[in-house]
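Trainee: Generate coordinates for the sequence data below:
(2 chains)
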There are 2 protein chains.
Amino acid sequence: MHDIVYELPKGFRCSGSTCGIKESGHPDLSLFVSDVPATAAGVFTKNRVVGAPVTVTRSRVPRGDARAVVINSGNANACTGQEGHQNALTMTKAVADLLQCSAEQVLVCSTGIIGVQLPVDVILSHLPESISALNSDANQFRDAAVSMMTTDTFPKLAMEDCRLPDGQTVRISGAAKGAAMIAPNMATMLSVIMTDVRLTETQAAELLAAAVSQTFNCISVDRHTSTSDTVLLLANGAAVDRPAEEDDLAAIQRALTQVCEKLATDIIRDAEGADHFITVHVNGLETEQAATAIAREIADSPLVKTAVAGADPNWGRIVSAAGYAGVDFEADYVSLLINDTLVYRDGMPVSFDETSLSAELRANREVTITLSIAGGPCSGSSAARFWTSDLTTEYVRLNSDYTT
Amino acid sequence: MHDIVYELPKGFRCSGSTCGIKESGHPDLSLFVSDVPATAAGVFTKNRVVGAPVTVTRSRVPRGDARAVVINSGNANACTGQEGHQNALTMTKAVADLLQCSAEQVLVCSTGIIGVQLPVDVILSHLPESISALNSDANQFRDAAVSMMTTDTFPKLAMEDCRLPDGQTVRISGAAKGAAMIAPNMATMLSVIMTDVRLTETQAAELLAAAVSQTFNCISVDRHTSTSDTVLLLANGAAVDRPAEEDDLAAIQRALTQVCEKLATDIIRDAEGADHFITVHVNGLETEQAATAIAREIADSPLVKTAVAGADPNWGRIVSAAGYAGVDFEADYVSLLINDTLVYRDGMPVSFDETSLSAELRANREVTITLSIAGGPCSGSSAARFWTSDLTTEYVRLNSDYTT
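Mentor: The predicted structure follows:
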């Protein structure tokens, strides 16, 4: 993973450094800057309780003239009231002043401890240095991803080059962080994605929403939607400055979804205390929504997740989790594969070599669960995919280890 | 708890004994018999995948002439196809023949391993002995509750005497089993409740539905609805044979709900690997449904449950779980108590003695979480209560410990 070099699209610069929010002294301030005004779109947490940066950034997108995203880690600036809101505004104003643009052109995210006021002064005094460090090279892109990390054990980066129908090439690059939540912090999921194609606000919003619904919205470590989850897309036209046309959008959508999938699955690969990376496929439903509901219920079941941790090919837990997803289907048409082994067919268990499948689960980090519905009144041709991690004693230990 | 003697209502007899389904040799066959035809109502799992006994029993209630409930543990008779369905029918027919009634007057439940055919012969050959053992005393009631157990560590029994407006007294007694699910078995929740008042089918169904919605439907160990969950009510009129009147119903409802609450909370007290018994109160919502959704989301959050296991007064996890329950509310009006300590008020954390509250959580098995919404557009006067257990490394160990 570390051998791949992730480069930025044209016209973007990044920096990542230590301003001093984290007691550990680890990097905690990231800047993503577009040299020219960029179209910006965002997808935000659906939690009713949101951090101040979500309120501020949500009110500023979509827009056509964004210049920068500033992100601090170590403090989520959530549950911090009016003072927290003011601090988020102050951060964007300070960046805007240094970039000589308006505060509304700057977006902000924060991740880390909640309920504690952001030490905004240490950010302000460090910002000139962050701006000076801005660079278009891969190292600064990586540093920006590292500076977003909280409980993450590795930075999450992705890059796709995308050839448009007219032969021109554009790049989509992104950084993300997030690895479950850990007390008393919340390991929010944050992602910034940049591209050098030109998009309208509507195009950017629609492309991002479609990509997120198949990727970031299809991962779950512990069902816990944080108060700060944010995915931002900036499109600056530095490589292809003509407006994207209908024919371009399919190619861009594919590449953007790929970037989001790489970042989203990296988050699951880095899930706290996880031993297995689980992909759940569900197919044969009337709608994608129904398929997703079943896939999510399987992925969120503590009993399925502990079974995988224990290398137990427990079809009963998987089938019964599907059964309580609130989706109508005929139980007699359900079949189930664990990896490539058929364990359940048409509503009945199938004889299989449990010892061998269990050994396979124990030996491999990757597990695939495929549930198919082959007929009956509510069946159809829609499918969904969901990613999750297993539930280990280490997860519980990490999340219940409390020291005052 | 073992000092209380639980007696049956008039006109009921029970037995519990070992027929030989369980390899352990533990008791595995329970009978609950009414001497006269009784009104019967039931509430069943909403899982799309259900065991054969659920299909059979669900088709037979409500009815006015039920005579018996036969329950085996050690095998759930679920995911067993047509043969399993036939075995469930055979069990009820055999009991009916011995009681000289029709098969339709007998209800059946099974709990234990799934996907394995029920050894129906060992049940049939043991049934005459079970019938001979039927007795109205407290010991056989207790034995019947013990014979329903799977991973339970103690039998769950409850009894309430209820004085009707005309001065007559009726009794409501119940037994239940259930303590999460454990591989490769499913620890279904089953309960049989008996009363010696006379009820119509509609009265029985409505009283039971109302009681269950406040009790059995407000508990969760791991969100996993089993394929066999069943609660049955039998009302035989042996104490008060006149039809229950409007004035009686309020008193009966209160007592029935009390019985269900005792049984439901006993299931949580016996939850696998749990160190804490958690009661979640939510109030200040427009509807009870909204309050229940929030309470359930808090109770089901692995992060809340691990925090309680770690004696961590982590208000952030609780408030953010409330925020993603899919219920509209204004975050600025949320307050939170952990036990009697105010930790969060009007959307902001409150300074409190964390060390002392953590020590309190460590020292006591019972924890109360109270979330209140004091105003805003979607507030109101509705409240809900939910019970759950904490999430410990022992739960994960129990549920991932797999031996082929």
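Trainee: I figured A:Gly323 hits B:Val54, correct?
Mentor: No - counting by CB atoms under 8 Å, A:Gly323 stays clear of B:Val54, with 11.5 Å between them. Every C-beta, even on glycine, is put in place using the N, C-alpha and C of the backbone.
Trainee: Overlap in contacts, the two.
Mentor: Shared contacts of A:Gly323 and B:Val54, defined by CB atoms under 8 Å, 6 or more residues apart in numbering or on different chains, comprise B:Thr227.
Trainee: quick one, which of these two is more surrounded?
Mentor: B:Val54 (27 against 24; other CB atoms under 10 Å in any protein chain shown).
Trainee: A helix includes the more buried one, no?
Mentor: Yes - counting by DSSP: H, G, I helix; E, B strand; the rest coil, B:Val54 is part of a helix.
Trainee: Mind jotting down where the helices sit in chain A?
Mentor: Counting by DSSP state H, residue ranges of the helices within chain A are A:52-58, A:81-99, A:120-132, A:138-147, A:201-214, A:246-269, A:288-300, A:302-309, A:315-323, A:354-363, A:393-400.
Trainee: what about A:Asn139, how many neighbours?
Mentor: For A:Asn139, using other CB under 10 Å, the count is 11.
Trainee: Not including adjacent chain positions, what is the nearest residue to A:Val33?
Mentor: Excluding its sequence neighbours, the residue lying closest to A:Val33 (CB to CB, 6 or more residues apart in numbering or on different chains) is A:Ala68, at 4.5 Å.
Trainee: For chain A, which strand extends over the most residues?
Mentor: strand A:29-44 (DSSP state E).
Trainee: same for that strand, what does it pack against?
Mentor: strand A:12-17, helix A:52-58, strand A:63-75, helix A:120-132, helix A:138-147, strand A:190-198, helix A:201-214, strand A:230-243 (3 or more CB pairs under 8 Å, 6 or more residues apart in numbering or on different chains; DSSP states H and E).
Trainee: and of these, who's closest to B:Leu371?
Mentor: The closest of the helices and strands packed on strand A:29-44 to B:Leu371 is helix A:52-58. By CB to CB, the value is 21.1 Å.
Trainee: For chain B, what's its nearest residue on the stretch 201-350 of chain A.
Mentor: Nearest residue of the stretch 201-350 of chain A to chain B (CB to the nearest CB) works out as A:Gly310 at 3.1 Å.
Trainee: Model confidence at that residue, what's the number?
Mentor: pLDDT recorded at A:Gly310 is 91.
Trainee: Quick one: neighbours of it, just the number.
Mentor: 24.
Trainee: Give me the spatial nearest neighbour of it, chain neighbours excluded.
Mentor: B:Ser400 (3.1 Å).
Trainee: swap in A:Gln140?
Mentor: Nearest non-adjacent residue to A:Gln140 (CB to CB, 6+ apart): A:Cys14, at 4.6 Å.
Trainee: That neighbour pairs with what?
Mentor: A:Phe32, A:Asn135 (DSSP bridges).
Trainee: ok, now which ones touch it?
Mentor: Per CB under 8 Å, 6+ apart, neighbours of A:Cys14: A:Leu8, A:Ser30, A:Leu31, A:Phe32, A:Val33, A:Leu134, A:Asn135, A:Ser136, A:Gln140, A:Phe141, A:Asp143, A:Ala144.
Trainee: helices and strands of chain A: which one bottoms out on pLDDT?
Mentor: Using mean pLDDT, DSSP states H and E, the weakest-scoring helix or strand in chain A turns out to be strand A:185-186, at a mean of 43.
Trainee: ok, back up a step: could you give me the average pLDDT of the longest strand of chain A?
Mentor: On average, the pLDDT along strand A:29-44 is 97.
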